[in-house]
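Visitor: Model the structure of this input:
(chains A and B)
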Amino acid sequence: MSLPPIDLAVFHTNGFVRKQCRVTDLWFWTTDAERTTCGDTSEDEYTFIGKPLIDGFNQRGKALKDAMRASFLGFFEARGHTIIEPYPVLARWRDDIHLTIASIADFQPHVTSGEVEPPANPLAVSQPCIRLTDVDAVGRSGRHLTTFEMMAHHVFNRPDEGLEIYWMETCVEHCHRMLTETFGIPSSEITYVENPWCGGGNAGAAVEVIVGGLELATLVFMDMEEHPDGDVELKGDRYRTMPLQIIDTGYGLERFCWAAAGTPTIYEAIYPETVAWLKDLSGFQEVATKWPDLDLDLLLGEMSRLNGIMNIEAGVDGEKLVSLFLQRLEDRGVKVSSEQFTAITEPLANIYAIPDHMHALCNMLGDGLVPSNAKAGYLARMLARRVLRMRDDLSLSVSISELAEHHLDVNLGGHLNKQHRKGLLEILNLEEERYAEMLRKGVQVIQTQLKGLSSEVETIPDEDLFTLNDSHGLAPDMVIALARKAGWSSVALRTGFSAEMAERHARMAKAAAKDSVVGSPKFQLGEVGSTKLAYYENVYARELEANVVACREAGDEGPSEASWVVVLDQTLFYPEGGGQEGDRGHLVSGEATITVLDTQKQGPFVLHFTNAPVEAGSSVTCVLDWHRRKQLMDHHTAVHIVGGAARRLLGPHIFQAGSHLSEESGRLDITHFHRLTREDLDALEDMANEVLSTVSNTEKSELNRKDADLIHGFDLYQGGAPKGDTIRILKIAEHDTQACGGTHHDEPGQIGSIRVVRSTAVQDGVERLHIVAGDAAMAYARSQDELIRASAEVFGVHQDDLPKAASRFFKEWKEQRKTIEHLESEIVRLRTTGGSDASTTVDGVRMVVMAIDGDLKSMTTMLKELTLDVNQPTVAVLGSPDGGGKLMIGITEATVAAERYNAVDLLRSIAHHIKGGGGGRSTFAQGGGSEPEGLGAALDAARSILGG
RNA sequence: GGGCGCUUAGCUCAGUUGGAAGAGCGUCUGGUUUGCAACCAGAAGGCCGGGGGUUCAAAUCCCCCAGCGUCCA
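Guide: Predicted coordinates:
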């Protein structure tokens, strides 16, 4: 079955009637008896352009957004909603998405699954979001944005527990009253469209709120989850009702602003100063006055109305769209040529897109993101490069950091969440340098790639364009521009190529998604309760009595030496997790001692992988491998301390990108935009060791997730998004606070000392710190000393003289190698010029057949000497027992010798004597074999063929 | 996370079907010039990223690893 009609009292009391749209077939509610479309179709133009539908907002830009947001939040606060602070645009609490794409993303997956309490209920928020899926349409469609604020009111109902705050009726009533009373929108301009929503495994009824042809909001009533036995079917999947019933709304702040401003595009409503500034900088007015006959205002006005009904999405073919636009404009009495249209809309699209992209970029970097060539960092780089390209297309003489400064001051009120202004500008300057570098290399790459192509060609082969784009970052239109400059003056981009490339990328992405389906086998342990994690109570306990709950064969799980798995009612063994390796040790039962080879966590159990079984129900003593545990704790706590130092010394963008703690060393990956120098590492090391001596205690606590977020923010989740409602927190004074389930020292001083050994690059934007602490630091220092001692001994010098000695020896070694080469060539010269007994002359051609001792290199040098002189035509055959036997034949080029003899044929006819083959040019052939004993026979054969 | 490309002299990069490691710039020496970001002659400077394989022979072909770059999730 499908969903029932959404038939609410609020519709009837306000004079709405239910109709079916003749274009989309969707059911909708309207007060307009004449209306036959739902409002959001290809026949519904924007009605608010030049005639604002929302009264009382005369501001523009940031002030307009601020006022609009305050009105929205105020409305819901007055109706019992708690206003919460927006979340970061980087979704650090989630591992499935990089960016916050909707307000509901704040509460996924923990709150929406029912595992974690919402921060307030009901609540209202204005959540900055970033969506990059439509990035190509930004600036062109008049309405698309990569970054926007989703204003929302959320309700989390649990009807099975008697918690029902409100549902459809109240929700729609709130919405309607706000639109009509707070914003003064006439009822006749509003349509409510019934359009069920599904996504991410959930679904529910939904109402789209259309005002003046623009979708201003969506109200989703999410009360179903995907299930094969569900009795509701939506878009091919089956759903059933779930216990948690959520109201998920989304009101587009920028669209409200647009409807209040009535500007030709949304960009003029929210970024007016920037649009004006860029128009000025780019000399846009000059373009406009180029054709005095053209009524620019009329054109732009008609265009923005058309934008409302033309479906401009990513991937739409550019040329087709232009011709369609021209046709529609002509229908409306606006005569414009394709050339004029492009000359006006292209720069305008860039002028509109730049502030949008800068807004997304500032928000992302402001949250501490570091640009990179992978993951979330790549998204920032992509935006930065788009801005730089648009800037170049517009011939603007501003740097991206100047654009950022303008944006920060004008559109963000100077506010960044985490990153400092200086850090933001430095990052962007680096990105601009990288971009310039890419372009510089691009010129070279294009020349190499197109070398075989005639300068007359009109198109570049598709494959070359794909390669240049995918491997070298050169977009097709850039390639064309650069190729024209480089001499291929008549090349142009083939019609439809860009669309084809997008299609090809989509296919590749689809294929990749198909391959990444994985499943891992899991233990079946049945219902045996859970393991109490006694190591949290006292991290220094080394022994503990416990009862054996279960004991099974290990099968394929765990280390290969482990044959059994033991589950205890409580344990001291820390299971592998959070980058920290599992504990090891022994289980003692009476006389018997078995070895714990590894420990892992599975659900509520700790699995002890052992070399022998123990009887279920018996009691055992856990005996920890204490040295290992101490070392793991040293490294783990040290990693937190070094991470905190990095954040304080290098900046707020430092975030943990991964870590690994073993007995021997610790490894910490941090996000940073520069390679680290030894001086940086020394500073980290100094600060880390200072913490050891100045901070007496670490604070460990457990917090409810909701409170943890509230008190500490999202920097807590350095180690990734934790699961569950309860979060363990480790706080090292004011130095570092993180959610971490590892084992840590109570007193930092117990670590002894910390060394940051070196740093390596993991990927662009991620730096790996190698750390040793405690006894491992001592062991490391000793091994370093030993390296130096042993090396000094080899040279026979004092340790202090080691660098000097090494460089001297290396220099001498190179010099001597050179000398040997010279001497060798001297020997060759002597042997070949002395009128050797190995040479005879046949009809004016000198025949040299010689056996020598030497490698390939000296043979070739010798051959070169022999056959260089055109006044002495020579056929030279050299043989050496080197390797499996080598033969080499040279013939003086451009002489009678070369006319009469072929080196390759000659070689082939004698090479079989050493069981080999060979080849080369007709005047120079070389070969080898596997039987050096046959060398004499081969040379004899050569003599007889040559008649020498 | 996936695809693709790159790694050769101090720097920027060529290197064709596997067969003698190259160019330009820079450096050094000598010459020339009132002078040089000029010209002429010459020289030095290379584990062709690392490891394995195929082959008589690998900078070149195949596999693995690393780093860099790039496009897409």
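
Visitor: From now on I want contacts and neighbour counts done on CA atoms only, so please keep to that.
Guide: Fine.

Visitor: when you scan the longest helix seen in chain A, is anything in it near RNA strand B?
Guide: Assignment by DSSP state H gives helix A:802-833 as the longest helix of chain A. Yes - part of helix A:802-833 sits near RNA strand B under the criterion Cα under 7 Å from any atom of the strand, namely A:814-815, A:818.

Visitor: What's the first helix or strand after whichever strand or helix holds A:Leu388?
Guide: Per DSSP states H and E: A:Leu388 is located in helix A:375-393. Using DSSP H and E, the helix or strand that follows helix A:375-393 in sequence is helix A:400-411.

Visitor: Alpha carbons of that next one, in PDB - could you do that?
Guide: Output for helix A:400-411, consisting of C-alpha atoms alone and laid out as PDB, is shown next (Å, rounded to 0.1, in the frame of the first residue of the first chain):
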ATOM      1  CA  ILE A 400      42.100  34.100  -3.400                       C
ATOM      2  CA  SER A 401      43.200  35.300   0.100                       C
ATOM      3  CA  GLU A 402      42.000  38.800  -0.800                       C
ATOM      4  CA  LEU A 403      38.700  37.300  -1.900                       C
ATOM      5  CA  ALA A 404      38.600  35.500   1.500                       C
ATOM      6  CA  GLU A 405      39.300  38.700   3.400                       C
ATOM      7  CA  HIS A 406      36.500  40.500   1.700                       C
ATOM      8  CA  HIS A 407      34.200  37.600   2.200                       C
ATOM      9  CA  LEU A 408      35.100  37.200   5.900                       C
ATOM     10  CA  ASP A 409      34.600  40.900   6.600                       C
ATOM     11  CA  VAL A 410      31.500  41.500   4.500                       C
ATOM     12  CA  ASN A 411      29.500  38.200   4.600                       C
END
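
Visitor: pLDDT averaged over it - what is it?
Guide: Summarised as a single mean, pLDDT over helix A:400-411 is 96.

Visitor: One more: stretch A:439-447?
Guide: 84.

Visitor: same check, this time on stretch A:671-688
Guide: 90.

Visitor: same check, this time on stretch A:902-918
Guide: 84.

Visitor: Kindly check the end-to-end length of it for me.
Guide: Distance across stretch A:902-918, first residue to last, is 13 Å (Cα to Cα, to the nearest Å).

Visitor: Please tell me how far that stretch is from the chain's geometric centre.
Guide: 56 Å (Cα atoms, centre = their mean, to the nearest Å).

Visitor: same check, this time on stretch A:255-273
Guide: The answer for stretch A:255-273 is 32 Å, by Cα atoms, centre = their mean.

Visitor: Going by residue numbers, what spans are strands in the stretch 801-948 of chain A?
Guide: Ranges of strands in the stretch 801-948 of chain A, per DSSP state E, counting those that start in this stretch, are A:839-842, A:845-851, A:874-880, A:886-891, A:917-921, A:924-928.

Visitor: Among those, show me which one is buried the most.
Guide: strand A:886-891 (a mean of 28; mean count of other Cα atoms under 10 Å).

Visitor: What strands line up against it, and which way round?
Guide: Partners of strand A:886-891 in the sheet, by DSSP bridges, are strand A:874-880 (antiparallel), strand A:924-928 (antiparallel).

Visitor: just so I know, which of those lies nearest A:Arg305?
Guide: strand A:924-928 (76.0 Å; Cα to Cα).

Visitor: if we can go back for a sec, save the strands paired with strand A:886-891 as CSV, and put in distance to A:Pro371 too.
Guide: Shown next, in CSV, are the strands paired with strand A:886-891 (distance: least, Cα to Cα, whole Å):
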stretch, distance to A:Pro371
strand A:874-880, 58
strand A:924-928, 53
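
Visitor: Make CSV out of these and add mean pLDDT and distance to A:Lys723.
Guide: CSV is the format used below for the strands paired with strand A:886-891 (pLDDT from 0 to 100; distance: least, Cα to Cα, whole Å):
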stretch, mean pLDDT, distance to A:Lys723
strand A:874-880, 86, 71
strand A:924-928, 85, 66
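
Visitor: So which bits of the stretch 351-500 of chain A are right by RNA strand B?
Guide: A:373-376, A:378-379, A:382, A:385, A:434-435, A:438, A:441, A:444-445, A:448, A:467, A:469-474.

Visitor: Mind giving me the packing neighbours of the helix holding A:Leu388?
Guide: helix A:338-366, helix A:400-411, helix A:421-449 (3 or more Cα pairs under 8 Å, 6 or more residues apart in numbering; DSSP states H and E).

Visitor: For the ones you listed, state which one has the densest average packing.
Guide: For the helices and strands packed on helix A:375-393, the highest mean count by mean count of other Cα under 10 Å goes to helix A:338-366, at a mean of 22.

Visitor: chain center to that one, what's the gap?
Guide: Relative to its chain's centre, helix A:338-366 lies at 23 Å (Cα atoms, centre = their mean).
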